[in-house]
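Student: Starting from these lines, generate the structure:
(chains A, B and C)
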Amino acid sequence: MIRLEKRPSPSRFWAAATPVLAVIATMIAGGILFAALGKNPFEAIRTIFWDPLFHESFAAYSRPQLLVKAGPLILIAIGLSMGFRAGIWNIGAEGQYIMGAIFGAGAGLAFYPSESFLIFPLMVVAGAVGGWAWAMIPAVLKTKFGTNEILVSLMLVYVAENILASVSSGLLQNPDGMGFPGSRNFGQWPAAANTEIFVNSGMHWGVVTAFIVVIFAYVMLTRHILGFQIRLTGESPRAARFAGVNPTRLILICLGLSGALAGMAGLFEVSGPAGQISIDFGSGYGFTAIIVAFLGRLNPIGILLAGLLMALTYIGGELAQLMLGLPSAAIQLFQGMLLFFLLAMDVLSNYRIRIGKTEVA
Amino acid sequence: MDLSSINPVFLIASLMVAATPILLAALGEMVVEKAGVLNLGVEGMMITGAVCGFIVAVESGSPTLGFICAALGGALLSLLFGVLTQFLLSNQVATGLGLTLFGLGLSALMGQGYIGIKAPEVFRLDIPVISDIPVLGPILFSHDLMVYLSLALVAGVWAGLKYTRAGMILRAVGENHDAAHALGYKVVRIRLMAIAFGGACAGLGGAYLSLIRVPQWTEGMTAGAGWIALALVVFASWKAGRVLLGAYLFGGITVLQLNLQAAGVAIPVEYLSMSPYLITIIVLVIISADKSRAALNAPASLGRSFHASN
Amino acid sequence: MKITTILTGAALALGLAGAAAAQDKLKVGFVYVGPVGDGGWTYEHDQGRLAVEEALGDKVETIYQESVPEGADSERVMTQMALSGAKLIFTTSFGYMDPTINVAAKFPDVKFEHATGYKRADNVSTYSARFYEGRAVQGHIAGKMTKTNKIGYIASFPIPEVIRGINSAYIHAKKVNPDVEFSIVWAYTWFDPAKEADAAKALIEQGADVILQHTDSTAPQAAAEQAGGVVTFGQASDMAEYAPFPRVSSIIDNWAPYYVARTQAVLDGTWESVDTWDGIPTGMVEIGEITDAVPADVKAEALAMIEAMRTGDYHPFTGPLKKQDGSDWLADGEVADDGTLAGMSFYVEGLTGDIPN
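Tutor: Purely as a prediction, here's the structure:
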């Protein structure tokens, strides 16, 4: 009889070891999958995990791209992790990401074609406000009526997607775009463009912000009273209440913070890598970030690494398609496996496995 | 504009067909959620069911066998979620999202050789006299069997949850798994069964798309239906009858908006498309604001992992 | 330790061998917006890729990437293709326009071909198909075959490409059947089988007995087949599985001749940046077999029209034509210029309803 016994506190050793084990397990299972598809498994695994970092002709380009891809994931996931730790489940980051992009882009485009240096900062603020406002809907409904925030925030994703479709062929449509849906391209408007800070580094403002937020989150969780309150609420809501934590305030802060960060991520993306508001702008970063938050064990440093790992599988997966002709479906399946292994092995850090008969209580 | 060209009878009949996939998937998910489990992987299970059903139906020539295998395929995939969340206690939100990713990839790989093929014809009720009865004929007596099966399932799930012992236990597990465990119920086993049932229903819903409604296999053909099913469960506040109502409303809005367009009415499509979600939020607020009723509906243990500490 | 070394060694060896073999071939890349299994738009582009492989054999190697989102991801995919040694890259969706231009600026010796866009550079060509020629044929057959005089049109997005198709079909339906009416449904999707099926049903229930579609799935065909007595046309691919009825003909995107020719041009060193807008004459727009469900005289007229377009004797947008608001557009015998067609954002006279937004 195998059974699990809860550890008094999560094992540090296993918390560090399980991601490595999970990646190895995924490589084996993925290798079998690729072999079944008639591809050389070693070559496929190498292309996914090694080539983006070290391939002679790709690495110089794809290493910075890892940051571009990981930046929004990390930024959103950090925000989400605060709430998740306190048991506040914002799963509508995708909606907040979209609304942030719309607000930010809209605020900028209102001043087109001004070349003022204030345009970009204004857009960042507007993006954060957009995401924050969208997250405040579930927050206020939860605090006023006790409405389940998981479901409200999820519903608001669909609403945001419809608003996106509406504005990209309406309010924000590029007047010089020959009637095609989509806004002006920010890449061609220097005052509003989220450009790389160092050329070919991948470090645009969003990536920089993501790194800063990681550090802030780390400091806050370990040193600041708010971090203490968040952790306490997550571990024992009752104890938190006795300790004077105001749950309403905490809900507003956690949802607001995650919304603002997701909104900023949306703005950085629309004004940088994506370039414009278009119907397909919402590419699922908000959902993937939930996965990243859990892979990172809701820990800022963990999220940083998880975001980079996730980005690696995306870019490596693209290279595998390119170089080996693997179908994109196989890559999707591979990412699903990686996630499952990571989640499954997480059990080792929170529980001890005991083999033997259950003692009679 | 010519509103008279919209025939309400046909509108209702086609709305019933449009609603069937999400109705099936939402019913399954409702049972899962009633057991206290939140499985966000409905989309992944639906599309896996769609491809399994299509492959088997094409290979065997039997749509019935296709539907059975679609249910099995959906259930099998859902058990992956079941093992992860119930035995290995992984987070349900993240695992469900992973399941969608996994299912979309898996289905695309499985279906590679089945693009551009026609599905075998499905038996359709067409009784000469009865199906021709005005109004009632097209609405009640001219559908494929799956429409009737889905309606029967609504009644079955409603009665099963409300009146049977198994239904009572399921609800108890969803309300308070610790108490249910203390009473000697096998929480994990019951939840696994609920999850598998949910997977099977989602699979059927997917197969309804690939075998009847569309009918063909193409990658990503569920196009978000699984997510609508999730919204539907909430909209219905975990009641089978309201799932039916909601499915017809959600399915109906699309059908209605297309019909209005066809009749030449200029409508803001995006705002109409988002209205079901806004209505769902309002419903959520209403049921949660009324504490006494909320407690009867939303399963209290929804989304929480269960680990027997002794 | 040992195993790792062996594995790494093996992997490296394989990788190097792969790189060496690919040296002297021309590498051609394709970026797809959907999965190659969509049975429509992307599927036909991939058929074009396979045709390149078949026609040029050992001289080329093709690579592709499917389901590439428009925006940042596409820019990265194109860059990686260029880095991997591709010398010619086809980007097959309108939304890849700005990314294509950006990447092309970074790789001046790589040739790019962008489908359906309007921005060009020294190493960026654009190409598109005059699908409206096919729509003219469909309109003619539809106008002749409708008994209810009501033709349903499932449109995707209100962009010039789609509006052009509606106008072309309407003009030619009206010409042979003055009583014909179009009802247009905007689905706001290129591909959502369930929604397309609903749209087709809605149109059929409101009396349409011919369905034209500008969306990519076969769902409308199935809906028509089920309803019985409703005529449809294949879109993007032939959809021959629904022939001879309800599918009586189709517009096929045939990219193969263009892809082969452009690849050959790179091999020969004669590639230049051009704007190609081809139709029936070069075979880029192909009309799928007109089945026997179409009366013989109608079929003959349709074939004659195709032939006239092939030889350049006939242009689907030939005056006298008025805009929807009654203002003059083309004088008698005047032919629409490509600029107007490319940015078309108005209905012709007789169509009812407004273009959304």
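
Student: Was I right to think B:L209 contacts C:P193?
Tutor: Yes: using C-beta atoms under 8 Å, B:L209 is in contact with C:P193, at 7.1 Å. Using the backbone N, CA and C atoms, a C-beta is placed for each residue, glycine as well.

Student: Could you tell me which residues touch both of the two?
Tutor: Counting by C-beta atoms under 8 Å, 6 or more residues apart in numbering or on different chains, the residues touching both B:L209 and C:P193 are B:M221.

Student: From B:A247, how far off is the closest residue to B:Q216 other than its chain neighbours?
Tutor: With C-beta to C-beta, 6 or more residues apart in numbering or on different chains as the criterion, B:Q216 has its nearest non-adjacent residue at 5.4 Å, and that residue is C:T218. To B:A247, C:T218 is 25 Å away according to C-beta to C-beta, to the nearest Å.

Student: same question, C:E286
Tutor: From C:E286 over to B:A247 the distance is 41 Å, taken as C-beta to C-beta.

Student: who's more crowded, the two?
Tutor: Set C:E286 next to B:A247 and count neighbours by other C-beta atoms under 10 Å in any protein chain shown: B:A247 wins out with 29 against 19.

Student: Just confirm that one is within a helix.
Tutor: Yes: assessed by DSSP: H, G, I helix; E, B strand; the rest coil, B:A247 belongs to a helix.

Student: helix or strand for C:E61, which one?
Tutor: Counting by DSSP states H and E, the element that carries C:E61 is strand C:60-65.

Student: Please see if that strand touches chain B.
Tutor: No: Strand C:60-65 lies out of reach of chain B by C-beta under 8 Å from any C-beta of the partner chain, never closer than 14.5 Å.

Student: how about that strand as PDB, C-alpha atoms only?
Tutor: Below are the C-alpha coordinates for strand C:60-65, written out as PDB (Å, rounded to 0.1, in the frame of the first residue of the first chain):
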ATOM      1  CA  VAL C  60      15.400  22.500 -53.300                       C
ATOM      2  CA  GLU C  61      14.600  21.700 -49.700                       C
ATOM      3  CA  THR C  62      11.400  23.100 -48.200                       C
ATOM      4  CA  ILE C  63      10.700  23.800 -44.600                       C
ATOM      5  CA  TYR C  64       7.500  25.100 -43.000                       C
ATOM      6  CA  GLN C  65       6.000  26.200 -39.800                       C
END
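
Student: Direction included, what does that strand pair up with?
Tutor: strand C:26-31 (parallel) (DSSP bridges).

Student: Show the subsequent helix or strand relative to the partner strand.
Tutor: helix C:41-56.

Student: List the buried residues of that following helix.
Tutor: Buried residues in helix C:41-56, defined by neighbour count with 16 or more other C-beta atoms under 10 Å in any protein chain shown: C:41-49, C:51-53, C:55-56.

Student: repeat for stretch C:57-76
Tutor: Buried, per 16+ other C-beta under 10 Å, within stretch C:57-76: C:60-76.

Student: what do you get for stretch A:107-125?
Tutor: Applying 16+ other C-beta under 10 Å to stretch A:107-125 flags A:A107, A:G108, A:L109, A:I119, A:F120, A:L122, A:M123, A:V124, A:V125 as buried.

Student: any idea how far the first one is from chain C?
Tutor: Read it as A:A107. Note on A:A107: its distance to chain C, by C-beta to the nearest C-beta, to the nearest Å, is 20 Å.

Student: residues contacting that residue?
Tutor: A:L122, A:M123, A:V125, A:A126, A:G127.

Student: Equivalent analysis for C:Y188, please.
Tutor: Counting by C-beta under 8 Å, 6+ apart, C:Y188 has contacts A:A165, B:V269, B:E270, C:S156, C:F157.

Student: In space, what's closest to A:T18 - neighbours in sequence excluded?
Tutor: Nearest to A:T18 is A:M345, by C-beta to C-beta, 6+ apart, at 4.0 Å.

Student: what do you get for B:A50?
Tutor: B:G206 (3.4 Å).

Student: And for B:G44?
Tutor: Closest to B:G44 by C-beta to C-beta, 6+ apart is B:G103, at 2.4 Å.
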